[in-house]
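Undergrad: Quick one: sequence plus predicted model below, questions after.
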Amino acid sequence: MNGDSDLRARIDALGPWFHNLRLNGVQTAPDHFLGDYPSFKWQGFQHVVPADMTGMTVLDIGCNAGFYALEAARRGADRVVAIDSDPRYLAQARLAAEVAGARVQFHQMSVYDVADLAERFDFVIFMGVLYHLRHPLLALDLIHDHVAGDRMLFQSMQRGSDRVAAQQADYDFDDWSPFQGPDVPLFYFLEHSYAGDPTNWFVPNRAGIEAMLRSAGFRILEHPEREVYLCGV
(Lines give C-alpha, C1' and ligand atoms only; values in the text may rest on other atoms or scores of the structure.)
Protein backbone atom coordinates (compact mmCIF):
# COMPACT_ATOMS: atom_id res chain seq x y z
CA MET A 1 0.00 0.00 0.00
CA ASN A 2 1.09 3.57 -0.51
CA GLY A 3 1.00 6.03 2.38
CA ASP A 4 -2.46 7.48 1.71
CA SER A 5 -4.16 4.12 1.20
CA ASP A 6 -2.48 2.70 4.31
CA LEU A 7 -3.69 5.67 6.38
CA ARG A 8 -7.17 5.32 4.91
CA ALA A 9 -7.19 1.67 5.96
CA ARG A 10 -6.12 2.55 9.50
CA ILE A 11 -8.83 5.23 9.72
CA ASP A 12 -11.51 2.88 8.40
CA ALA A 13 -10.47 0.15 10.84
CA LEU A 14 -11.22 2.50 13.74
CA GLY A 15 -14.54 3.75 12.39
CA PRO A 16 -17.11 5.07 12.69
CA TRP A 17 -15.68 8.47 13.67
CA PHE A 18 -17.68 11.28 15.28
CA HIS A 19 -14.98 13.90 14.67
CA ASN A 20 -14.23 14.67 11.05
CA LEU A 21 -10.49 15.24 11.19
CA ARG A 22 -8.11 15.78 8.30
CA LEU A 23 -5.16 13.48 8.76
CA ASN A 24 -2.60 14.24 6.07
CA GLY A 25 -5.53 15.40 3.97
CA VAL A 26 -7.60 12.25 4.56
CA GLN A 27 -10.99 12.97 6.19
CA THR A 28 -12.11 10.65 8.97
CA ALA A 29 -15.87 11.30 8.69
CA PRO A 30 -16.55 13.04 5.36
CA ASP A 31 -20.23 12.01 5.41
CA HIS A 32 -20.97 13.18 8.98
CA PHE A 33 -24.67 13.92 9.47
CA LEU A 34 -23.79 17.32 11.01
CA GLY A 35 -21.43 18.26 8.18
CA ASP A 36 -17.78 19.12 8.78
CA TYR A 37 -18.04 18.55 12.52
CA PRO A 38 -16.64 19.86 14.82
CA SER A 39 -14.61 22.18 12.60
CA PHE A 40 -17.58 24.24 11.42
CA LYS A 41 -18.71 24.77 15.03
CA TRP A 42 -15.18 25.64 16.14
CA GLN A 43 -15.15 28.61 13.78
CA GLY A 44 -17.83 30.30 15.88
CA PHE A 45 -16.05 30.20 19.25
CA GLN A 46 -12.34 29.61 18.69
CA HIS A 47 -11.69 33.28 19.42
CA VAL A 48 -12.34 32.71 23.15
CA VAL A 49 -9.47 30.20 23.31
CA PRO A 50 -5.97 31.74 23.61
CA ALA A 51 -4.29 31.76 20.21
CA ASP A 52 -0.96 31.20 21.96
CA MET A 53 -1.16 28.58 24.72
CA THR A 54 2.57 28.48 25.39
CA GLY A 55 3.22 27.73 29.05
CA MET A 56 -0.30 26.39 29.63
CA THR A 57 -1.50 22.97 30.74
CA VAL A 58 -4.70 21.69 29.12
CA LEU A 59 -7.11 18.89 30.01
CA ASP A 60 -9.63 17.64 27.44
CA ILE A 61 -12.40 15.65 29.18
CA GLY A 62 -14.31 13.31 26.88
CA CYS A 63 -11.84 13.96 24.09
CA ASN A 64 -13.47 11.68 21.50
CA ALA A 65 -11.12 11.61 18.48
CA GLY A 66 -9.09 14.49 19.86
CA PHE A 67 -10.07 17.56 17.82
CA TYR A 68 -9.77 20.01 20.73
CA ALA A 69 -6.72 18.36 22.33
CA LEU A 70 -4.90 18.51 19.00
CA GLU A 71 -5.86 22.16 18.60
CA ALA A 72 -4.45 22.96 22.05
CA ALA A 73 -1.22 21.20 21.11
CA ARG A 74 -1.12 23.12 17.82
CA ARG A 75 -1.48 26.37 19.77
CA GLY A 76 1.64 25.52 21.74
CA ALA A 77 0.32 24.22 25.06
CA ASP A 78 3.18 22.85 27.16
CA ARG A 79 1.20 19.84 28.37
CA VAL A 80 -2.02 18.38 26.95
CA VAL A 81 -3.86 15.55 28.69
CA ALA A 82 -6.92 13.98 27.08
CA ILE A 83 -9.27 11.48 28.69
CA ASP A 84 -12.19 9.41 27.49
CA SER A 85 -13.99 6.34 28.79
CA ASP A 86 -14.35 4.82 25.30
CA PRO A 87 -11.27 2.85 24.12
CA ARG A 88 -12.20 3.21 20.44
CA TYR A 89 -12.32 7.00 20.67
CA LEU A 90 -8.93 6.93 22.40
CA ALA A 91 -7.51 4.75 19.64
CA GLN A 92 -8.80 7.27 17.10
CA ALA A 93 -7.26 10.16 19.06
CA ARG A 94 -3.92 8.38 19.36
CA LEU A 95 -3.83 7.83 15.60
CA ALA A 96 -4.72 11.47 15.00
CA ALA A 97 -1.98 12.65 17.36
CA GLU A 98 0.53 10.30 15.72
CA VAL A 99 -0.26 11.63 12.25
CA ALA A 100 -0.22 15.26 13.45
CA GLY A 101 3.00 14.80 15.40
CA ALA A 102 1.25 16.22 18.47
CA ARG A 103 2.38 15.53 22.04
CA VAL A 104 -0.79 14.53 23.89
CA GLN A 105 -1.03 12.21 26.88
CA PHE A 106 -4.11 9.95 26.77
CA HIS A 107 -5.87 8.13 29.60
CA GLN A 108 -8.90 5.87 29.57
CA MET A 109 -10.91 7.21 32.46
CA SER A 110 -14.29 8.67 33.35
CA VAL A 111 -15.03 12.27 34.22
CA TYR A 112 -15.99 10.95 37.67
CA ASP A 113 -12.34 9.91 38.18
CA VAL A 114 -10.68 13.25 37.39
CA ALA A 115 -9.45 13.61 40.98
CA ASP A 116 -7.09 10.70 40.24
CA LEU A 117 -5.12 13.01 37.93
CA ALA A 118 -3.99 14.92 41.04
CA GLU A 119 -3.33 18.02 38.96
CA ARG A 120 -4.98 21.34 38.20
CA PHE A 121 -4.94 22.55 34.61
CA ASP A 122 -4.85 26.09 33.25
CA PHE A 123 -7.48 25.29 30.64
CA VAL A 124 -10.11 22.54 30.84
CA ILE A 125 -12.12 21.51 27.79
CA PHE A 126 -15.48 19.86 28.58
CA MET A 127 -17.35 19.78 25.29
CA GLY A 128 -20.32 17.64 24.34
CA VAL A 129 -20.22 15.39 27.40
CA LEU A 130 -22.62 16.63 30.08
CA TYR A 131 -25.86 15.42 28.50
CA HIS A 132 -24.40 11.91 28.19
CA LEU A 133 -23.96 11.67 31.96
CA ARG A 134 -26.33 10.21 34.52
CA HIS A 135 -24.83 12.46 37.22
CA PRO A 136 -24.16 15.81 35.50
CA LEU A 137 -23.91 18.07 38.55
CA LEU A 138 -21.53 15.65 40.25
CA ALA A 139 -19.30 15.80 37.16
CA LEU A 140 -19.19 19.61 37.23
CA ASP A 141 -18.50 19.60 40.97
CA LEU A 142 -15.58 17.20 40.51
CA ILE A 143 -14.11 19.22 37.65
CA HIS A 144 -14.36 22.46 39.63
CA ASP A 145 -13.00 21.01 42.85
CA HIS A 146 -10.14 18.92 41.47
CA VAL A 147 -8.85 19.86 37.99
CA ALA A 148 -10.07 23.31 36.90
CA GLY A 149 -7.36 25.84 37.63
CA ASP A 150 -8.42 28.92 35.67
CA ARG A 151 -10.67 28.54 32.62
CA MET A 152 -13.09 25.95 31.25
CA LEU A 153 -14.45 25.76 27.71
CA PHE A 154 -17.85 24.10 28.01
CA GLN A 155 -20.60 22.93 25.66
CA SER A 156 -23.84 21.07 26.18
CA MET A 157 -26.71 20.29 23.86
CA GLN A 158 -29.65 22.54 24.74
CA ARG A 159 -33.34 22.29 23.99
CA GLY A 160 -36.30 24.39 25.01
CA SER A 161 -36.39 28.12 25.66
CA ASP A 162 -33.37 30.36 25.16
CA ARG A 163 -34.79 32.87 27.65
CA VAL A 164 -33.58 33.08 31.24
CA ALA A 165 -35.93 34.04 34.05
CA ALA A 166 -34.55 36.00 37.00
CA GLN A 167 -34.13 33.73 40.03
CA GLN A 168 -34.59 34.79 43.64
CA ALA A 169 -32.32 33.61 46.43
CA ASP A 170 -35.21 31.79 48.11
CA TYR A 171 -38.92 31.04 47.69
CA ASP A 172 -41.81 30.30 50.03
CA PHE A 173 -42.92 26.69 50.20
CA ASP A 174 -46.25 27.47 48.53
CA ASP A 175 -44.69 29.58 45.74
CA TRP A 176 -44.83 27.61 42.50
CA SER A 177 -43.19 30.28 40.31
CA PRO A 178 -39.74 28.57 40.25
CA PHE A 179 -41.39 25.62 38.50
CA GLN A 180 -43.54 27.43 35.97
CA GLY A 181 -42.72 28.76 32.54
CA PRO A 182 -40.22 27.70 29.87
CA ASP A 183 -37.57 30.20 31.02
CA VAL A 184 -36.95 28.71 34.48
CA PRO A 185 -33.97 26.34 34.90
CA LEU A 186 -34.93 22.97 33.44
CA PHE A 187 -33.22 19.69 32.67
CA TYR A 188 -35.24 17.34 30.49
CA PHE A 189 -34.76 13.67 31.36
CA LEU A 190 -34.69 11.15 28.51
CA GLU A 191 -35.60 7.68 29.74
CA HIS A 192 -34.80 5.88 26.50
CA SER A 193 -33.01 7.26 23.42
CA TYR A 194 -32.75 10.60 21.66
CA ALA A 195 -31.36 10.89 18.12
CA GLY A 196 -30.69 7.16 18.25
CA ASP A 197 -28.35 7.54 21.23
CA PRO A 198 -29.33 5.81 24.51
CA THR A 199 -26.64 7.81 26.38
CA ASN A 200 -28.48 11.12 25.96
CA TRP A 201 -29.83 11.45 29.50
CA PHE A 202 -30.27 15.06 30.66
CA VAL A 203 -30.75 17.93 28.19
CA PRO A 204 -31.01 21.44 29.69
CA ASN A 205 -32.54 24.65 28.50
CA ARG A 206 -30.31 27.73 28.63
CA ALA A 207 -31.47 28.75 32.10
CA GLY A 208 -30.83 25.24 33.37
CA ILE A 209 -27.27 24.92 32.16
CA GLU A 210 -26.29 28.42 33.30
CA ALA A 211 -27.75 27.78 36.76
CA MET A 212 -25.92 24.45 37.02
CA LEU A 213 -22.59 25.99 36.01
CA ARG A 214 -22.97 28.66 38.68
CA SER A 215 -24.06 26.10 41.26
CA ALA A 216 -20.85 24.13 40.66
CA GLY A 217 -18.80 27.29 41.28
CA PHE A 218 -18.07 28.42 37.70
CA ARG A 219 -18.38 32.01 36.51
CA ILE A 220 -19.73 32.52 32.99
CA LEU A 221 -17.25 34.84 31.28
CA GLU A 222 -18.35 34.58 27.65
CA HIS A 223 -21.18 32.97 25.71
CA PRO A 224 -19.94 32.99 22.10
CA GLU A 225 -22.53 30.49 20.82
CA ARG A 226 -25.89 29.24 22.04
CA GLU A 227 -24.46 26.07 23.57
CA VAL A 228 -20.87 27.18 24.28
CA TYR A 229 -19.50 28.96 27.35
CA LEU A 230 -16.11 30.13 28.52
CA CYS A 231 -16.11 29.83 32.31
CA GLY A 232 -13.83 31.02 35.07
CA VAL A 233 -13.19 29.21 38.31
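TA: It's in. Numbers count the residues shown, from 1 in each chain.
Undergrad: From now on I want contacts and neighbour counts done on CA atoms only, so please keep to that.
TA: Noted.
Undergrad: which residue sits farthest out from the middle of the protein?
TA: Most distant from the centre of the chain: D174, at 38.1 Å, with distances by C-alpha atoms, centre = their mean.
Undergrad: isn't there a helix covering it?
TA: No - in this structure, D174 is coil, not part of a helix, as judged by DSSP: H, G, I helix; E, B strand; the rest coil.
Undergrad: now it: how far from P185?
TA: As judged by C-alpha to C-alpha, to the nearest Å, D174 and P185 stand 18 Å apart.
Undergrad: So which residues of the chain form strands?
TA: 22-23, 26-27, 57-61, 79-84, 105-108, 121-127, 148-155, 187-189, 202-204, 219-225, 228-232 (DSSP state E).
Undergrad: Can you lay out those strands as a markdown table showing mean neighbour count, mean pLDDT and distance to R163?
TA: Shown next, in a markdown table, are these (neighbours: other C-alpha atoms under 10 Å; pLDDT from 0 to 100; distance: least, C-alpha to C-alpha, whole Å):
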| stretch | mean neighbour count | mean pLDDT | distance to R163 |
| --- | --- | --- | --- |
| strand 22-23 | 16 | 97 | 37 |
| strand 26-27 | 16 | 96 | 38 |
| strand 57-61 | 26 | 98 | 28 |
| strand 79-84 | 23 | 98 | 33 |
| strand 105-108 | 16 | 98 | 37 |
| strand 121-127 | 23 | 98 | 22 |
| strand 148-155 | 21 | 98 | 17 |
| strand 187-189 | 16 | 97 | 14 |
| strand 202-204 | 22 | 98 | 12 |
| strand 219-225 | 15 | 98 | 14 |
| strand 228-232 | 21 | 98 | 15 |
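Undergrad: Of those strands, which is nearest S5?
TA: Proximity to S5 (C-alpha to C-alpha) singles out strand 26-27 among the strands of the chain, at 9.4 Å.
Undergrad: For the closest one, which helices and strands make contact with it?
TA: Strand 26-27 sits against helix 3-13, with contacts defined as 3 or more C-alpha pairs under 8 Å, 6 or more residues apart in numbering; DSSP states H and E.
Undergrad: my guess is P38 contacts H19, does it?
TA: Yes - with contact defined as C-alpha atoms under 8 Å, P38 reaches H19; the gap is 6.2 Å.
Undergrad: So for those two, which residue has more residues nearby?
TA: Neighbour tally, P38 and H19, criterion other C-alpha atoms under 10 Å: the higher count belongs to H19, 23 against 16.
Undergrad: What's the separation between the more buried one and N64?
TA: Following C-alpha to C-alpha, the distance that separates H19 from N64 is 7 Å.
Undergrad: now M157
TA: For M157, the distance to N64 - C-alpha to C-alpha - is 16 Å.
Undergrad: What of P198?
TA: 17 Å.
Undergrad: N200 too?
TA: In this view, N200 and N64 are 16 Å apart by C-alpha to C-alpha.
Undergrad: Among the two, which residue is more densely surrounded?
TA: When neighbours are counted by other C-alpha under 10 Å, N200 and N64 differ, and N64 comes out ahead with 27 against 21.
Undergrad: residue contacts, that one?
TA: Going by C-alpha atoms under 8 Å, 6 or more residues apart in numbering, N64 touches 18-19, 84, 86, 89-90, 92-93.
Undergrad: Would you mind listing which of those residues are buried?
TA: Burial by neighbour count, judged by 16 or more other C-alpha atoms under 10 Å, picks out 18-19, 84, 89-90, 92-93 from the contacts of N64.
Undergrad: one step back: want to throw the contacts of N64 into a markdown table with distance to I209?
TA: As requested, those are exported to a markdown table (distance: C-alpha to C-alpha, whole Å):
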| residue | distance to I209 |
| --- | --- |
| F18 | 24 |
| H19 | 24 |
| D84 | 22 |
| D86 | 25 |
| Y89 | 26 |
| L90 | 27 |
| Q92 | 30 |
| A93 | 28 |
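Undergrad: Many thanks, I have nothing further to ask.
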